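Asks: sequence first, then the predicted structure, then my questions.
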Amino acid sequence: MPTTREQQASWEARSTCLPPNLRKVKAAAAAKEWESTSAAPKMIDAQDTLQAAREMAPEVHSSARRPQGSITTSKSLDHRSNSNEAHVHVFKTSESLFEAFVDSKMKLVVQDEQLLGSKMSLEDKDRQLLHGEAKLAEKDKQLLEKETNLVEKDKQLSENETKLEEKDKQLSDSQTKLAAVEMQLVDSKLKLAAMDKQKISAVGLS
């Protein structure tokens with residue numbers, strides 16, 4: 001069952017569009033109803049309420065004959081209509097702004113996904129390049145080791161050639177010495193032959 005505050009709010013909401021005299025009648029009836037629903041209930045004097053309604057009736061009828069209430073109601077309806085249109089316009093504007101905001105956010109999300117995909121593709125290419133550079137570095141290292149080995153072999157060959165040249169020189173010197181000895185032997189033989197010839201000639205003369 002509604003509480004006293006809820007009943008009062010309901011009466012106030014429904015009585016805002018009524019003429020003043022009719023509001024008084026409803027207020028009196030509401031007061032009687034609230035008294036009946038309190039913690040210590042009281043009997044409602046129906047005769048007093050009916051008498052109050054009869055006393056207020058001429059004023060209510062005269063007020064109803066005046067066009068002021070209808071004009072006020074018409075103005076209130078126009079105001080409500082304009083207010084509703086304004087609310088609808090604000091709602092549509094807010095909805096359009098929200099849709100534009102969501103669209104921009106979705107576009108940003110799509111762009112972020114595209115950028116992320118491009119970034120991942122670039123990172124993959126970077127990894128491939130690094131892997132290729134590592135392979136090239138390994139090959140360069142192997143080539144450098146081979147070149148170092150070749151230089152070492154060239155050095156050894158050069159040393160061997162130097163030794164061979166030294167041996168060739170020693171052989172040449174030995175051959176020169178042998179030729180000189182042979183020349184000396186030939187000279188000695190020639191001298192001995194000349195001496196033998198002189199001896200033979202001397203014996204023949206004697």
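Replies: Here it is on my side, so go on.

Asks: mind showing which ranges of the protein have poor pLDDT?
Replies: Within the chain, the segments meeting pLDDT under 70 span 1-83, 205-206.

Asks: please redo it, this time with the cut-off set to 80
Replies: Within the chain, the stretches with pLDDT under 80 are 1-90, 202-206.

Asks: so where's the longest helix in it?
Replies: Looking across the chain with DSSP state H, the single longest helix is helix 68-205.

Asks: okay, stretch 174-182 in CSV with CA atoms only?
Replies: This file holds the C-alpha atoms of stretch 174-182, laid out as CSV (Å, rounded to 0.1, in the frame of the first residue of the first chain):
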residue,chain,number,x,y,z
SER,A,174,130.4,-25.2,-54.3
GLN,A,175,130.3,-25.5,-58.1
THR,A,176,132.5,-22.4,-58.5
LYS,A,177,135.0,-23.8,-56.0
LEU,A,178,135.0,-27.2,-57.8
ALA,A,179,135.6,-25.4,-61.1
ALA,A,180,138.5,-23.5,-59.6
VAL,A,181,140.0,-26.7,-58.2
GLU,A,182,139.6,-28.4,-61.6
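
Asks: the longest helix of the chain - contacts with which helices or strands?
Replies: Judged by 3 or more Cβ pairs under 8 Å, 6 or more residues apart in numbering; DSSP states H and E, helix 68-205 is in contact with no other helix or strand. (Each C-beta comes from the backbone N, C-alpha and C, glycine too.)

Asks: any idea how far residue 189 is from residue 177?
Replies: 19 Å (Cβ to Cβ, to the nearest Å).

Asks: no, scratch that, I was asking about residue 165
Replies: 19 Å.

Asks: please apply the same query to residue 201.
Replies: Computed as Cβ to Cβ, the residue 201 to residue 177 distance reads 36 Å.

Asks: ok, residue 115 next?
Replies: Using Cβ to Cβ, residue 115 is found at 91 Å from residue 177.

Asks: what does residue 135 give?
Replies: Distance from residue 135 to residue 177, by Cβ to Cβ: 63 Å.

Asks: same question, residue 166
Replies: 17 Å.

Asks: please apply the same query to residue 107.
Replies: Computed with Cβ to Cβ, the distance linking residue 107 and residue 177 is 102 Å.

Asks: now swap in residue 186 and tell me
Replies: From residue 186 across to residue 177, the span is 15 Å (Cβ to Cβ).

Asks: how about residue 154?
Replies: Using Cβ to Cβ, residue 154 is found at 35 Å from residue 177.

Asks: ditto for residue 137
Replies: Distance of residue 137 to residue 177, computed by Cβ to Cβ: 60 Å.
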